[in-house]
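In: Could you look at this predicted model? Sequence included:
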Amino acid sequence: MRYDLVVVGGRVAGSIAAYHAAKKGLRVLMLEGNPEIGTPVQCAGGVSDSFFRSTGIKPLPEFTCTRIKAAAINGPYGASITTRNPMIRGYIIERKIFDKYLALRASEAGADVLAGSRVKDLIFHDGSVSGVKFRGPDGTHEVESDIVIAADGIQSGVGRRAGLDTRFRPGELCSCVQYEAAGVDVDTETIEFYFGSRFAPSGYLWVFPKGDGRANVGLGVRRSSCSEVGPLMYLNRFMSDKGFKRIEFNAGAVPVCGPIERTFTDGMLVVGDAAGQVDPLTGGGIHVAAECAKIAGEVAAEAVEHGRFDGKFLSLYEKKWRSKVGRNLERSLRFRRALDALDDEELDALLRSVEGKNLSSISKISLLRVLKDYPSMLRVLKDIL
Ligand SMILES: Cc1cc2nc3c(=O)[nH]c(=O)nc-3n(C[C@H](O)[C@H](O)[C@H](O)COP(=O)(O)OP(=O)(O)OC[C@H]3O[C@@H](n4cnc5c(N)ncnc54)[C@H](O)[C@@H]3O)c2cc1C
């Protein structure tokens with residue numbers, strides 16, 4: 001078998017890269033290791049309007065659960081603010097259905113999609129990646145290709161086989177646990193966040209409403225900060241306190257240290273969680289993965305057009321995605337580090353200082369005035385604003 005492009009991993013990053021490459025006329029094969037695309041879910045499903053605007057994907061009723069218009073941010077000692085900032089607006093999506101929708105969209109654009117097909121090794125010619133060996137339901141296969149896109153998620157084994165450093169250290173990862181909960185009586189237009197060591201040390205807890213009394217309730221903590229008692233203890237305590245019922249459980253990890261140093265090599269591009277393309281402040285990866293995957297698919301098409309699969313040509317991908325999202329990811333990382341520097345008292349006091357204010361219209365000057373007592377935050381925000 002021979003293709004122009006093999007994409008390893010069939011979720012957000014993989015399907016969007018495959019879609020854009022196929023649309024440009026490439027012969028694309030996308031391989032997903034799990035038997036069913038989209039399961040198990042490892043996501044709370046929060047996506048902003050800007051994701052739909054920039055990707056052109058329509059927020060269809062098939063995969064959108066609720067329309068989100070506000071966010072409630074709760075501090076460790078009871079301070080609470082609600083913001084209706086337009087940036088918050090978005091949807092809670094059902095990832096099981098959304099991921100399948102994206103894979104179908106790639107397939108309709110011309111890509112071949114194989115679920116239950118796990119890549120076990122890479123093929124090299126003259127030191128350049130030039131295909132994969134995978135095990136599918138009917139045995140082991142070899143596929144030659146000009147380019148391989150590694151969209152295989154965190155700790156990308158495929159990227160590592162090509163010699164790229166795709167490994168994240170424990171302190172760079174956020175360990176996440178989540179229940180789909182029932183019996184949740186919350187406003188279905190508001191996502192809720194809980195901060196502080198009582199809820200989620202150096203992380204946060206979320207309640208993302210899905211309608212009909214259901215919600216994704218989860219938390220993420222950085223591993224180095226929560227080694228003695230696992231994140232599940234915090235989540236279970238919250239679930240019991242609230243009387244929520246546990247319908248489904250899932251766990252995963254997100255890289256929150258910024259992207260890996262190099263996302264290309266001869267014959268290969270790395271995209272999505274595999275490349276650490278995740279917002280380090282929120283842990284949100286869907287939008288960033290989508291932006292970078294589009295670029296990866298298009299650069300793959302350019303490479304095929306020019307017959308250039310060497311790292312020098314493929315570095316165009318890294319140049320383009322860094323120029324599109326690199327600065328935002330750096331800012332988010334600085335912002336998160338500044339937040340890390342605040343203890344519970346400071347965090348609560350900071351929230352109290354803006355409690356009751358209309359955050360969507362708060363001016364830069366008044367925000368800077370509020371933050372004058374928090375030098376680390378002030379430094380970061382001055383830079384951002
Ligand atoms: C609990 C949790 C909640 C989250 N909530 C949100 C949220 O609300 N909003 C948001 O924007 N982001 C959220 N994220 C982050 C988001 O889920 C990820 O950033 C995003 O899904 C990354 O997509 P991806 O395609 O890069 O990787 P993945 O979703 O990890 O997909 C990689 C795929 O590759 C497949 N694969 C791996 N190895 C192989 C192989 N050798 N051969 C074939 N296939 C392989 C895997 O089976 C998997 O399907 C959350 C993450 C977690 C863990």
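Out: Thanks, I have the structure now.
In: in the stretch 101-250 of the chain, which spans are helices?
Out: Assigned by DSSP state H, counting those that start in this stretch, the stretch 101-250 of the chain shows helices spanning 157-161, 231-242.
In: how about the residues of the protein near the ligand?
Out: 8-14, 31-34, 42-47, 118-119, 151-153, 157-158, 176, 178, 218, 252-254, 272-274, 278, 283-287, 289 (CB under 6 Å from any ligand atom). For glycine as for every other residue, the C-beta is placed from the backbone atoms N, C-alpha and C.
In: In strands, which of these fall?
Out: Among those, the members found in strands (DSSP state E) are Val8, Leu31, Gly46, Val47, Arg118, Val119, Cys176, Gln178, Gly218, Gly252, Ala253, Val254.
In: most packed of the helices of the stretch 101-250 of the chain?
Out: With neighbours defined as mean count of other CB atoms under 10 Å, these peak in mean count at helix 157-161, which reaches a mean of 22.
In: So what's the model's average confidence on that one?
Out: Throughout helix 157-161, pLDDT has a mean value of 97.
In: sorry, back to before: quick one, which of the ones in strands among the residues of the chain next to the ligand are buried?
Out: Val8, Leu31, Gly46, Val47, Val119, Cys176, Gln178, Gly218, Gly252, Ala253, Val254 (16 or more other CB atoms under 10 Å).
In: Let me have the residues you listed in CSV, extended by pLDDT.
Out: Below are these laid out as CSV (pLDDT from 0 to 100):
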residue, pLDDT
Val8, 98
Leu31, 98
Gly46, 97
Val47, 97
Val119, 98
Cys176, 94
Gln178, 97
Gly218, 98
Gly252, 94
Ala253, 93
Val254, 94
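In: Out of those residues, which comes closest to Pro170?
Out: Distance to Pro170 across those (CB to CB) is lowest for Ala253, with 9.7 Å.
In: Flag the shaky bits of the stretch 1-150 of the chain, pLDDT-wise.
Out: Along the stretch 1-150 of the chain, no part satisfies pLDDT under 70.
In: if we go to 90?
Out: For the stretch 1-150 of the chain, applying pLDDT under 90 flags the ranges 1, 83, 85-87.
In: Now it against the ligand: closest residue?
Out: Gly9 (2.8 Å; CB to the nearest ligand atom).
In: re the thing from before, out of the helices of the stretch 101-250 of the chain, which is closest to Gly356?
Out: helix 231-242 (24.8 Å).
In: what mean pLDDT does the closest one have?
Out: 96.
In: cool, stretch 335-354 as well?
Out: 86.
In: show me the contacts for Ser48.
Out: Met87, Ile88, Arg89, Gly90, His287 (CB atoms under 8 Å, 6 or more residues apart in numbering).
In: swap the cut-off to 7 Å and go again
Out: By CB atoms under 7 Å, 6 or more residues apart in numbering, the contact set of Ser48 is Met87, Arg89, Gly90, His287.
In: Nearest residue to the third one in space, please, no chain neighbours.
Out: Spelled out, it's Gly90. Residue nearest to Gly90 in three dimensions, not counting chain neighbours: Ser48, with 3.9 Å by CB to CB, 6 or more residues apart in numbering.
In: and the residue nearest to Arg89 when sequence neighbours are not counted, how many neighbours?
Out: In this structure, Arg89 finds its nearest non-sequential neighbour in Asp49, 4.8 Å apart by CB to CB, 6+ apart. Residues lying near Asp49 (other CB atoms under 10 Å) number 16.
In: Show me how this structure divides into domains.
Out: 2-65+92-168+259-328, 171-255, 338-384 (automatic domain parsing).
In: of all the ones you listed, which lies closest to Ala79?
Out: Among those, the nearest to Ala79 by CB to CB is domain 338-384 (3.7 Å).
In: ok, back up a step: closest to Lys319 out of the ones in strands among the residues of the chain next to the ligand?
Out: Closest to Lys319, out of all of these and judged by CB to CB, is Val8, at 22.7 Å.
In: ok, that closest one - contacts?
Out: Contact analysis of Val8 by CB under 7 Å, 6+ apart lists Leu31, Val119, Val132, Val148, Ile149, Ala150, Ala151, Asp152, Val158.
In: how about the nearest residue to the residue of the stretch 101-250 of the chain found nearest the ligand, chain neighbours excluded?
Out: At 2.7 Å from the ligand, Gly153 is the closest residue in the stretch 101-250 of the chain, using CB to the nearest ligand atom. Using CB to CB, 6+ apart and skipping residues adjacent in sequence, the residue nearest Gly153 is Asp273, 4.8 Å away.
In: thought that neighbour was touching Gly283?
Out: No - applying CB atoms under 7 Å, one finds Asp273 not in contact with Gly283, separated by 10.5 Å.
In: neighbour count winner among these two?
Out: Taking neighbours as other CB under 10 Å, Asp273 and Gly283 compare with Asp273 leading, 28 against 22.
In: what's the distance between the more buried one and Arg11?
Out: As judged by CB to CB, to the nearest Å, Asp273 and Arg11 stand 9 Å apart.
In: same deal with Leu350?
Out: Distance from Leu350 to Arg11, by CB to CB: 36 Å.
In: Am I right that Ala44 is in contact with Trp206?
Out: Yes - if you go by CB under 7 Å, Ala44 and Trp206 touch, sitting 5.8 Å apart.
In: what do those two both touch?
Out: Gly218.
In: right, and Val299 touches Ser315 too?
Out: No - the criterion here is CB under 7 Å, and Val299 misses it with Ser315 at 9.4 Å.
In: between those two, which one's more packed in?
Out: More crowded of Val299 and Ser315, by other CB under 10 Å: Val299, with 26 against 16.
In: Is the more buried one in a helix, a strand, or coil?
Out: In three-state terms, and counting by DSSP: H, G, I helix; E, B strand; the rest coil, Val299 is helix.
In: quick one, what contacts it?
Out: Contact analysis of Val299 by CB under 7 Å, 6+ apart lists Leu269, Leu314, Leu316, Tyr317, Lys320.
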